[in-house]
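Enquirer: When you get a sec, could you give me coordinates for this:
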Amino acid sequence: MIRLNLLGEEPSLDKSLVMMLGGFIASIICFVGIFSVMLSSVNSEIANLNVQIETYENQLVDLRKKTKIVEDLEKKRDELSSKLSVIAELKQNKLGPVRILDDLNLALPDKAWITSVEEKGQGMKISGNALDNQTIALFMKDLEQSEYFKKVDLIETKQAENQGAKIKSFTLLADISYAGKIAIEAVKEEEKQATLNINFPAKNKRVG
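Expert: Purely as a prediction, here's the structure:
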């Protein structure tokens with residue numbers, strides 16, 4: 001019996017076309033792989049940047065807290081300085097004149113005596129008699145050792161007599177400070193607080 005092939009021969013595929021198609025698919029797969037690696041790297045870098053941003057934000061919050069502490073300390077320092085000034089003024093008005101007269105009497109040598117004391121603004125005019133110039137000089141020196149007498153000048157000295165004895169009459173002008181030691185301590189306290197204010201920012205620089 002004779003068989004007839006009505007379908008004809010099966011067409012054969014071109015090998016070069018198959019190779020091109022395979023190469024194209026491989027290229028796509030390779031590109032997708034490279035893109036995935038790059039995307040993973042970018043995501044990792046973004047995550048690291050987010051961590052750094054969060055760290056810096058935390059440091060900024062901490063620094064703001066410390067800055068607030070410094071500002072509060074400066075405010076308290078100013079309040080303390082104001083209180084010290086008020087206290088010094090109150091004590092000055094209450095104790096100043098008494099202490100000045102006490103120091104005046106303590107500085108007066110045995111061979112001298114005071115005839116009058118007159119307040120001149122921020123100064124004091126002191127008139128008196130002494131046996132000699134050395135006694136007057138000693139009186140001036142001892143006055144300047146007081147915390148209440150800042151400067152003592154000899155305005156006038158002249159020869160005089162008292163019951164037939166030759167003496168020296170004198171007039172002194174002294175700058176006085178009613179606050180005395182209180183004012184000095186107030187200045188020292190302000191300097192101490194100023195030093196603390198300088199040191200605090202230096203400590204803050206080490207944060208972070």
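Enquirer: Let me see the mean pLDDT of the longest helix seen in the chain.
Expert: Across the chain, the longest stretch assigned as helix under DSSP state H is helix 15-107. Averaged across helix 15-107, the pLDDT comes to 75.
Enquirer: just checking, what packs against it?
Expert: With contacts taken as 3 or more C-beta pairs under 8 Å, 6 or more residues apart in numbering; DSSP states H and E, helix 15-107 sits against strand 112-120, helix 133-144, strand 149-162, helix 181-204. Using the backbone N, CA and C atoms, a C-beta is placed for each residue, glycine as well.
Enquirer: Run the angle between it and strand 112-120 for me.
Expert: Interaxial angle of helix 15-107 relative to strand 112-120 (axes from the mean of the first three to the mean of the last three C-alpha atoms, to 10 degrees): 130 degrees.
Enquirer: what angle sits between helix 15-107 and strand 149-162?
Expert: Computed by the same axes, to 10 degrees, the angle between helix 15-107 and strand 149-162 is 10 degrees.
Enquirer: now helix 15-107 and helix 133-144, what's the angle there?
Expert: 140 degrees.
Enquirer: Tell me which residues are up against stretch 111-125.
Expert: Residues external to stretch 111-125 that are found in contact with it (C-beta atoms under 8 Å, 6 or more residues apart in numbering): 100-101, 104, 108, 126-132, 135-136, 139, 149, 155, 171-176.
Enquirer: swap the cut-off to 6 Å and go again
Expert: For stretch 111-125, the external contacting residues (C-beta atoms under 6 Å, 6 or more residues apart in numbering) are 126-131, 135, 139, 173-176.
Enquirer: For residue 44, state which of the residues you listed is nearest.
Expert: Comparing these against residue 44 with C-beta to C-beta places residue 175 closest, at 76.6 Å.
Enquirer: Pull the residues that contact stretch 147-164.
Expert: 99-100, 103, 140, 143-144, 167-177, 180-181.
Enquirer: Could you tell me which of those count as buried?
Expert: Buried positions within these, assessed by neighbour count (16 or more other C-beta atoms under 10 Å), are 99-100, 103, 140, 143, 167-174, 176-177, 180.
Enquirer: tally of neighbours for residue 160?
Expert: Counted with other C-beta atoms under 10 Å, residues neighbouring residue 160 total 13.
Enquirer: what's the answer for the one 3 residues further on, then?
Expert: Taking other C-beta under 10 Å as the neighbour definition, residue 163 ends up with a count of 5.
Enquirer: same deal with residue 19?
Expert: Neighbour tally, residue 19, other C-beta under 10 Å: 10.
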